[in-house]
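Asker: got a sequence here, can you build the structure:
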Amino acid sequence: MMHTDVVIGLEVHVELDTMTKLFCSCPTKGSESPNTRCCDVCLGMPGSKPVLNSKALEYALRLCLALKCNVSKELVFSRKSYFYPDMAKNYQISQYELPLGAKGSLTLGAKAVNIKRVHMEEDPAALTHPSGMHTSSFVLVDYNRSGNPLVEVVTEPDLASPEEAREFMKKLITILSYLGIFDVKQGIIKADANVSIKAGNYQRVEVKNITGFKDIERALQHEVERQKREVKEGKKIMAETRSWDSDVGITRSLRLKETEEEYGYIFDPDLVLIDITPEMIAKIQSSMPELAEQRVVRYINEWKIAPIDAEVIASDKLLSDIFEHVASHVDKPYAAKWIRRELIRVLNYQGKEMPQNPIRAEELIMLITLLQQKKITENTGQKIMELLMEGPFNIVEYVRKNNLEAVSDTGVLERLCREAIAEHPAAVEDFRSGSDKSLNFLVGKVMAKSKGKASPKEVNEIIKKLVR
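Answerer: Okay, here's the model as predicted:
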């Protein structure tokens, strides 16, 4: 559903998957005991000197290139001054005047969402409000996260609905996964959303700290409805910053909206300018992996896979990787259909996603080979796929042991079909009168006689031949 009177822009903060922090050697993962992964640099102690993590720069440049950004010729860091417990030195090292990347785009179907800027910055500390943000009388601060490398992706206000915002986040996570710069299982990705509605004279409200792509739609739907309700009640929409409370499912007012000028940006004197040379860009460009959009084109043009199968498979890197392995051993379009439909079906039924997928590529290759060779029916294949969710086993041995080989002997199938026709003359007459339901009924009877080991397609053709 499109909201033509809604304007949304996103500021997405992505935690880069490096081993150490942005400006010091403290580990980004490890001890979860509060304040055990920090040092004088990430705490901003007097005399400490930050040194840039080169791997974080490489990862940020990869994202700039994937989003088709114009890359700056030099890397410049600034101090964003504010006074809050989550930043011990009372400023955050970020980029303001000259972002690393600018004027990029990300495609959602036929629509291009313009990327205003991509820049690097350090993560603040984690704050814990024991009784909730709005009721706690004190706050606990954990500086373990302080200084972790972030990249911020800022869109133009091109999104026209909460649904589009969710799709943008999903597509961005897909790109991050392909680039190998974000830990899909443990990495933090948060969005601040700027949302306004026509009825409120497009007064911009920022909703902060929306985690992941699943919550973005829910948070924005609530905020859009809240603003519409305010206007309907004759209230004026205020330019403000609100927080998203995912437990309750509402936004809460934090403060009136500040402007960027209020942060008093200055160039950071502790960090030297770094040239982003054409050679550096060329080296990163040459190491860039094939991205989802490129895989879709290859699947369709070279492997002759149906567009819908290609798009669904490529949209999930783990799914696409397992498909690549399987497709190198069996018929590619046939494998695409089975992996896209059946593997996703059994995962959804179990309430699992690809990271929890227990089915290995080797088992899929064997299963699809048996299906292609018509040694088992599709119905049997579906049941085996369901069993594989419980753990691996030898599929060939299982089929033999349980007598699940497909009945492919034409003579046997014809005999079963003649029996079904003789036993159900009324259905035969209804089919001759044009009833497809009666044909399906007869096919079902033959399938029962074969204990599900016949091919419905073959049975269908034999019955048509015998009856007509």
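Asker: which residues of the stretch 251-400 of the chain fall in strands?
Answerer: Taking DSSP state E, counting those that start in this stretch as the criterion, the stretch 251-400 of the chain contains strands spanning 266-267, 274-275.
Asker: tabulate those strands (a markdown table), appending mean pLDDT and mean neighbour count.
Answerer: Any C-beta I mention is one placed from the backbone N, CA and C, and that applies to glycine too. What follows is these, written out as a markdown table (pLDDT from 0 to 100; neighbours: other C-beta atoms under 10 Å):
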| stretch | mean pLDDT | mean neighbour count |
| --- | --- | --- |
| strand 266-267 | 92 | 14 |
| strand 274-275 | 96 | 13 |
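Asker: with distance to Glu240 as added columns, please give the ones you listed in CSV.
Answerer: Output for the strands of the stretch 251-400 of the chain, formatted as CSV (distance: least, C-beta to C-beta, whole Å):
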stretch, distance to Glu240
strand 266-267, 27
strand 274-275, 37
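Asker: show me where the stretch 151-300 of the chain has its helices.
Answerer: Ranges of helices in the stretch 151-300 of the chain, per DSSP state H, counting those that start in this stretch, are 162-179, 212-232, 278-286, 292-301.
Asker: okay, buried residues for stretch 311-320 please.
Answerer: The neighbour-count check on stretch 311-320 (16 or more other C-beta atoms under 10 Å) flags Glu311, Val312, Ile313, Ala314, Ser315, Asp316, Lys317, Leu319, Ser320 as buried.
Asker: can you name the two of the residues you listed that sit furthest apart?
Answerer: Glu311 and Lys317 (13.6 Å; C-beta to C-beta).
Asker: list the contacts for Val396?
Answerer: Met366, Leu370 (C-beta atoms under 8 Å, 6 or more residues apart in numbering).
Asker: again, but for Cys64
Answerer: Val71, Leu100, Gly101, Gly104, Val118.
Asker: ok, for it, nearest residue in space, not its chain neighbours?
Answerer: What sits nearest to Cys64 in space, not counting adjacent residues and going by C-beta to C-beta, 6 or more residues apart in numbering, is Gly101, at 3.3 Å.
Asker: for that neighbour, give its distance to Ile188.
Answerer: Applying C-beta to C-beta, to the nearest Å, the value for Gly101 to Ile188 is 21 Å.
Asker: Asp436 now?
Answerer: 54 Å.
Asker: more neighbours, those two?
Answerer: The neighbour comparison of Asp436 against Ile188 (other C-beta atoms under 10 Å) goes to Ile188, with 16 against 9.
Asker: any idea how many residues pack against the residue nearest to the more buried one when sequence neighbours are not counted?
Answerer: Leaving aside its chain neighbours, Ile188 sits nearest to Glu15 (4.4 Å; criterion: C-beta to C-beta, 6+ apart). Using other C-beta under 10 Å, Glu15 has 21 neighbouring residues.
Asker: same question for Thr241.
Answerer: 17.
Asker: quick one: low-confidence parts of the stretch 1-150 of the chain?
Answerer: By pLDDT under 70, the low-scoring segments of the stretch 1-150 of the chain are 1-4.
Asker: quick one: the helices in it?
Answerer: 54-66.
Asker: in it, which spans are strands?
Answerer: Counting by DSSP E, counting those that start in this stretch, the strands of the stretch 1-150 of the chain are 6-15, 70-71, 74-75, 78-81, 91-94, 101-108, 111-122, 126-128, 140-142, 149-155.
Asker: how near is the spatially most central residue of the chain to Leu159?
Answerer: Centroid check for the chain by C-alpha atoms, centre = their mean gives Lys170 as the closest residue, at 4.0 Å. In this view, Lys170 and Leu159 are 13 Å apart by C-beta to C-beta.
Asker: for the record, mean pLDDT for stretch 360-378?
Answerer: The pLDDT scores in stretch 360-378 average 91.
Asker: ok, the closest residue to Lys116 other than its chain neighbours - how many residues close by?
Answerer: Nearest residue to Lys116, sequence neighbours excluded (C-beta to C-beta, 6+ apart): Val154, at 4.6 Å. Counted by other C-beta under 10 Å, the residues lying close to Val154 total 17.
Asker: correct me if wrong: Val154 contacts Leu10.
Answerer: Yes. Using C-beta atoms under 8 Å, Val154 is in contact with Leu10, at 7.4 Å.
Asker: what is the residue nearest to Lys116 paired to in the beta sheet?
Answerer: Under the criterion DSSP bridges, Val154 forms beta bridges with Glu11, Arg117.
Asker: residue ranges of each domain in the chain, please.
Answerer: The chain breaks down by automatic domain parsing into domains covering 6-281, 313-401, 410-467.
Asker: distance to Asn301 added to those, as CSV?
Answerer: CSV is the format used below for the domains of the chain (distance: least, C-beta to C-beta, whole Å):
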stretch, distance to Asn301
domain 6-281, 18
domain 313-401, 12
domain 410-467, 29
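Asker: closest one to Ile305 among those?
Answerer: Using C-beta to C-beta, the domains of the chain put domain 313-401 closest to Ile305, at 4.6 Å.
Asker: and the end-to-end length of the closest one?
Answerer: End-to-end distance of domain 313-401: 33 Å, with C-alpha to C-alpha, to the nearest Å as the criterion.
Asker: isn't there a strand covering Ser438?
Answerer: No. Counting by DSSP: H, G, I helix; E, B strand; the rest coil, Ser438 is not part of a strand but helix.
Asker: was I right to think it contacts Asp430?
Answerer: Yes. When contacts are counted by C-beta under 8 Å, Ser438 is listed as touching Asp430 (3.9 Å).
Asker: before we move on, the earlier item: buried deepest among the strands of the stretch 1-150 of the chain, which one?
Answerer: Stretch with highest mean neighbour count among the strands of the stretch 1-150 of the chain: strand 149-155 (a mean of 24; mean count of other C-beta atoms under 10 Å).
Asker: tell me the gap between it and the middle of its chain.
Answerer: Offset of strand 149-155 from its chain centre (C-alpha atoms, centre = their mean, to the nearest Å): 17 Å.
Asker: what's the angle from it to strand 6-15?
Answerer: 160 degrees (axes from the mean of the first three to the mean of the last three C-alpha atoms, to 10 degrees).
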